[in-house]
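Only the shape, not the letters, is given here:
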Ligand SMILES: Cc1ncc(COP(=O)(O)O)c(C=O)c1O
């Protein structure tokens, strides 16, 4: 097949942004099987094996036959929408089943929100660093993304207000990952959540909260979701079964007003018509058996142990080197800062030779500089492999520093 495009043809094509996270994971996949990967943000293999997917799938197909493999409603299986709405209510979000749409993962929900709300040139305020795939979604929809720093309390709302005022910008949308953010692991504090809603209200902007990690808290108390608070702005709440069940099923959701759900359903009809029926029914079967609360409790224990192991290993190998890292209360990630001037991409090249991988910080930004930071994910490797991986990382660091 010819791969060269004629000049005119090239000009007609839109630039399309993907994800350097996925690219890095591709790079890692091409390494030897022995590479310890702190790069992936997907659940541990042990976690996927825990759910008994073979029995869940077999039961659904045996009991429901062809209907489990047929088309379903665009908005999702009614029973699953009801289950998602009940879980949301338990977290203080007042959502009817009609205000839920089952999406193909949280990512599709983000894209649907862009389709429904954004026009080219609209301003989106996002965290920096941010979930890279979301940044790409905003850019693919023609948005102008304003990147605002994240600190120990999440998005710096005061900085957002300053930048918007200084540059005379009127935002259409704020996008946050409120709990154990990807890639820093930081959590938006209670008073920042209120401040963010107040800031959005001054502009009549909407707020998207994307919360795939909220159930994976290992310390401290849950903080009320943005969508659970009294506010004058529209809050769109996005969630996923990817981190706490099976990401390959591609089942997530969005909670929004009925009018928005209707518009999202119309947009989804030209994408995939509906989220896969079998995947939705497998999720439902797991919920029906009452397995999900116990499963999430096991995951919390498993990832908590990994997080502690990662923290201890970083302390052991990197104390006194000038490398710093933060102290998240949950989720998969640490944000690791290298001594000033050391490039995480350069470190990655050497790290891959040593048999360890991570995602460099600049993968999570458009214009802001995170080149001396990296995302360190503890979700994949076993405890012993975490120790081994951090030893390798130290060897790579010494080579780059020397
Ligand atoms: C913040 C955030 N949102 C969304 C996703 C994607 O989730 P899903 O698999 O449900 O599309 C991820 C996964 O890495 C994530 O970290």
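Great, that's in hand. Values in this document were obtained by computation on a predicted structure and should not be read as measured data.

Over to residue 213: give its phi and psi.
Note on residue 213: backbone dihedrals following degrees, to the nearest 10 are phi -110, psi 0.

wait, it sits on residue 330?
Yes - using CB atoms under 8 Å, residue 213 is in contact with residue 330, at 6.4 Å. From N, CA and C alone the C-beta is placed, and that goes for glycine too.

ok, those two, which is more surrounded?
More crowded of residue 213 and residue 330, by other CB atoms under 10 Å: residue 213, with 25 against 22.

where's that one relative to the ligand, distance?
Distance, residue 213 to the ligand, by CB to the nearest ligand atom, to the nearest Å: 7 Å.

Phi, psi for the residue of the stretch 301-402 of the chain found nearest the ligand please.
Going by CB to the nearest ligand atom, the ligand is nearest to residue 332 of the stretch 301-402 of the chain, at 8.2 Å. Backbone geometry at residue 332, expressed as degrees, to the nearest 10, gives phi -110, psi -20.

Does the longest helix that the chain contains reach the ligand?
Counting residues, the longest helix in the chain under DSSP state H turns out to be helix 292-318. No - judged by CB under 6 Å from any ligand atom, helix 292-318 makes no contact with the ligand; its nearest approach is 13.9 Å.

Adjacent strands (with direction) for the helix or strand just after that helix?
Sequence-wise, the next helix or strand downstream of helix 292-318 (DSSP states H and E) is strand 324-325. Sheet pairing for strand 324-325, assigned by DSSP bridges, gives strand 333-337 (antiparallel).

picking that back up, please name the residues that touch the nearest residue to the residue of the stretch 301-402 of the chain closest to the ligand once chain neighbours are set aside.
Spatially, and ignoring its direct neighbours in sequence, residue 332 is nearest to residue 379 (4.1 Å; CB to CB, 6 or more residues apart in numbering). Neighbouring residues of residue 379 by CB atoms under 8 Å, 6 or more residues apart in numbering: 40-44, 303, 306, 332.

quick check: mean pLDDT across the longest helix of the chain?
Taken as a whole, helix 292-318 has a mean pLDDT of 97.

From the contact counts, what lies against that helix?
Helix 292-318 is packed against helix 45-50, strand 324-325, strand 333-337, helix 383-401, with contacts defined by 3 or more CB pairs under 8 Å, 6 or more residues apart in numbering; DSSP states H and E.

Next one, pLDDT for the residue nearest to residue 332 please.
For residue 379, the predicted pLDDT is 96.

Please identify which helix or strand holds it.
Following DSSP H and E, one finds residue 379 outside all helices and strands.

sorry, back to before: need the residues touching each of residue 213 and residue 330.
Residues touching both residue 213 and residue 330 (CB under 8 Å, 6+ apart) are 179-180.

picking up where we left off before, hey, which of the helices and strands packed on helix 292-318 is tucked in deepest?
strand 333-337 (a mean of 22; mean count of other CB atoms under 10 Å).

List the buried residues of the following helix or strand past it.
Using DSSP H and E, the helix or strand that follows strand 333-337 towards the C-terminus is helix 344-354. Neighbour-count burial for helix 344-354 flags 344, 347-348, 350-352, 354 (criterion: 16 or more other CB atoms under 10 Å).

Please apply the same query to stretch 354-368.
Neighbour-count burial for stretch 354-368 [16+ other CB under 10 Å]: 354-366.

Do me a favour and average the pLDDT over that stretch.
Across stretch 354-368, the average pLDDT comes to 96.

Equivalent analysis for stretch 247-262, please.
97.

Quick check: bridge partners of the closest residue to residue 212 other than its chain neighbours?
Distances taken as CB to CB, 6+ apart place residue 240 nearest to residue 212, at 4.2 Å, with adjacent residues excluded. Bridge pairing for residue 240 (DSSP bridges) gives the partners residue 252.

isn't residue 240 right up against residue 108?
No - using CB under 8 Å, residue 240 is not in contact with residue 108; the gap is 9.9 Å.

And the residue of the stretch 101-250 of the chain found nearest the ligand, how far from residue 284?
Relative to the ligand, the nearest point of the stretch 101-250 of the chain is residue 105 (2.5 Å; CB to the nearest ligand atom). According to CB to CB, to the nearest Å, residue 105 stands 17 Å off from residue 284.

Tell me which of those two has more neighbours.
residue 105 (22 against 18).

Quick check: phi and psi at the more buried one.
Torsion angles, degrees, to the nearest 10, at residue 105: phi 80, psi 170.

Contacts only, for it.
240, 242, 247, 250-252.

Quick check, pLDDT for it.
According to the model, residue 105 scores 98 on pLDDT.

do the same with residue 150
At residue 150, pLDDT is 98.

got a list of what it touches?
Residue 150 makes contact with 127-129, 156, 181, 184, 186, according to CB under 8 Å, 6+ apart.

The lengthiest strand in the chain and the ligand in contact?
Counting residues, the longest strand found in the chain (DSSP state E) is strand 144-151. No - Strand 144-151 lies out of reach of the ligand by CB under 6 Å from any ligand atom, never closer than 12.5 Å.
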